[in-house]
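[1] what's the 3D shape of this:
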Amino acid sequence: MDIDLNADLGEGYGPWRMGEDEALLDVVSSANVACGFHAGDPLIMERTARAALTRGVDVGAHVGFPDRQGFGRRVMQIDPAELAAMVVYQLGALAGIARAAGHRMTHMSFHGALGNMAAADATLAAPLLRAIAAFDPTLTISSSSSRAIEGAAADCGMRVATTFLADRAIDDEGLLVPRKLPGAVIHAPEAVLARVRLLLAEGQVVTHSGRRLALKPHSILVHGDTPGAVALARAVRQAVEQAGARVVPISRQVNPC
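    Just a heads-up that it's a prediction; the model follows:
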């Protein structure tokens with residue numbers, strides 16, 4: 001059984017660092033790299049791509065709203081055609097930087113409020129996925145469970161790799177619970193690890209309401225911007241390996257979870 005372990009990285013700006021990217025790159029198998037809209041800049045993107053290459057870690061574009069002040073977690077009302085162009089802009093930025101560094105971009109994921117909106121709204125997911133497919137139909141879409149994104153990707157002939165966010169609660173439909181609700185973000189490391197172990201052992205997740213939901217993810221995500229992220233990522237990796245699974249990037253998975 002293969003499963004990817006990934007984190008959102010490159011989320012600093014200029015001299016300001018967010019998280020411990022170098023240490024996380026020693027633990028994860030894939031990195032979702034901020035592309036300059038919600039965070040990140042060209043130099044950070046290049047540094048992250050080169051560091052990932054030396055460790056055999058895949059890189060993907062982590063695209064979001066143009067919202068540095070709100071870290072991409074604020075809802076923005078943008079025309080879908082304009083938003084699709086913004087997504088392609090971010091994909092092109094990382095693809096070019098990765099290529100110049102001798103690496104390649106294998107996947108993409110939506111960040112923050114943009115991801116939540118696309119996951120819940122098929123009419124928004126459709127034009128965004130069409131734009132991604134027009135840019136590169138071989139990219140894998142890394143996404144939390146979402147019928148909207150999965151359906152739009154299928155219409156475009158693109159692959160979706162379901163990602164389990166270890167420290168984020170989901171509702172009974174599998175969508176992420178809004179961060180403003182109590183318990184939406186799971187801070188206790190033992191609670192996060194218990195969720196991971198249940199997922200690996202039984203293929204189930206306990207939802208925010210207490211129900212059990214079946215889930216077969218290709219990847220587990222640990223947020224890189226939270227305190228203790230490196231230690232938590234190491235513990236999650238250990239739990240995966242103790243369950244008999246291999247930590248492998250999505251692009252190289254043979255027998256995904």
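
[2] Contacts for the lengthiest helix in the chain next, please.
    Ordering each helix of the chain by length in residues (DSSP state H) puts helix 80-100 first. With CB atoms under 8 Å, 6 or more residues apart in numbering as the test, helix 80-100 has contacts from 33, 35-37, 42, 45-46, 49, 59-61, 63-64, 66, 78, 104-105, 108, 114, 123-124, 127-128, 130-132, 134-136, 139. Heads up, the C-betas are built off the backbone N, CA and C, glycines and all.

[3] Contact partners for Glu11?
    By CB under 8 Å, 6+ apart, the contact list for Glu11 reads Met18, Gly19, Ala34, His38, Ala39, Gly40, Phe71, Gly224, Asp225.

[4] neighbours around the last one, how many?
    Looking back up the chat, that one is Asp225. 15 (other CB atoms under 10 Å).

[5] that older thread, go ahead and produce CSV holding the CA coordinates of the longest helix of the chain.
    Extracted in CSV, the C-alpha atoms of helix 80-100 (Å, rounded to 0.1, in the frame of the first residue of the first chain):
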residue,chain,number,x,y,z
PRO,A,80,-14.8,32.7,-12.8
ALA,A,81,-13.1,33.6,-16.1
GLU,A,82,-10.7,36.0,-14.3
LEU,A,83,-10.2,33.5,-11.5
ALA,A,84,-9.3,30.7,-14.0
ALA,A,85,-6.7,33.0,-15.6
MET,A,86,-5.2,33.6,-12.1
VAL,A,87,-5.0,29.9,-11.5
VAL,A,88,-3.2,29.4,-14.9
TYR,A,89,-0.9,32.3,-14.0
GLN,A,90,0.2,30.5,-10.8
LEU,A,91,0.6,27.2,-12.5
GLY,A,92,2.8,28.7,-15.1
ALA,A,93,5.0,30.4,-12.5
LEU,A,94,5.8,27.3,-10.6
ALA,A,95,6.1,25.1,-13.7
GLY,A,96,8.7,27.5,-15.2
ILE,A,97,10.7,27.9,-12.0
ALA,A,98,10.7,24.1,-11.4
ARG,A,99,11.8,23.5,-15.0
ALA,A,100,14.7,26.0,-14.6
